[in-house]
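S.K.: The sequence and its predicted three-dimensional model are supplied below.
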Amino acid sequence: MNKIYGVGTDIVDITRIKKSIKNKKFINKIFSNKEIRNSKQKLDSYYAKRFAAKEAFSKALGTGISEGISFNEISILNNDKGQPYIELLGKTKIIVNKKIKKRKIFLSLSDEKKYAIAMVMIN
């Protein structure tokens, strides 16, 4: 039986992220190149949901954003059916793979008017 390694959740005010993404430094520090490319012509909630997912993932991991883990190396993408998933990149991928080994990461995203929310479970 697989035990749950960690669970994390986060809620974000979409307006706060909308203001923050006007700053290119913020975008490049927080979001991966794939996320930035995929963001063209998306709703404001696009970045907010991804920010919440990165926070939720770091909580489920139990480290927060420390120990060499970078937000822009945690990429929140969608498969062909629209289901969100997490792709780890660079140094963050190496660190996380050592920490959680062959565990599965589950991600759920949602938004409603003013807020975006994400939940991550590592099993």
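M.R.: Structure received.

S.K.: Now the spatially most central residue of the chain: which helix or strand?
M.R.: What sits nearest the mean C-alpha location of the chain, by C-alpha atoms, centre = their mean, is Lys54, with 2.8 Å. Using DSSP states H and E, Lys54 maps to helix 45-61.

S.K.: Check which element follows that helix along the chain.
M.R.: Following helix 45-61 in sequence order, the next helix or strand is strand 74-78 (DSSP H and E).

S.K.: residues in contact with that following strand?
M.R.: When contacts are defined by C-beta atoms under 8 Å, 6 or more residues apart in numbering, strand 74-78 is touched by residues 32, 34-35, 38, 49-50, 53-54, 57-58, 84-89, 92, 107, 109. C-beta here means a position set from N, CA and C on the backbone, and glycine is covered the same way.

S.K.: switch the cut-off to 6 Å
M.R.: By C-beta atoms under 6 Å, 6 or more residues apart in numbering, the surrounding residues in contact with strand 74-78 are 32, 34-35, 50, 53-54, 57, 84-85, 87.

S.K.: Enumerate every residue touching the residue nearest to the centre of the chain.
M.R.: 71, 74.

S.K.: Now do the strands in the protein.
M.R.: Assigned by DSSP state E, the strands in the chain fall at 6-13, 74-78, 84-88, 105-112, 115-122.

S.K.: so which of these comes closest to Lys25?
M.R.: Closest to Lys25 of the strands of the chain, according to C-beta to C-beta: strand 74-78, at 17.8 Å.
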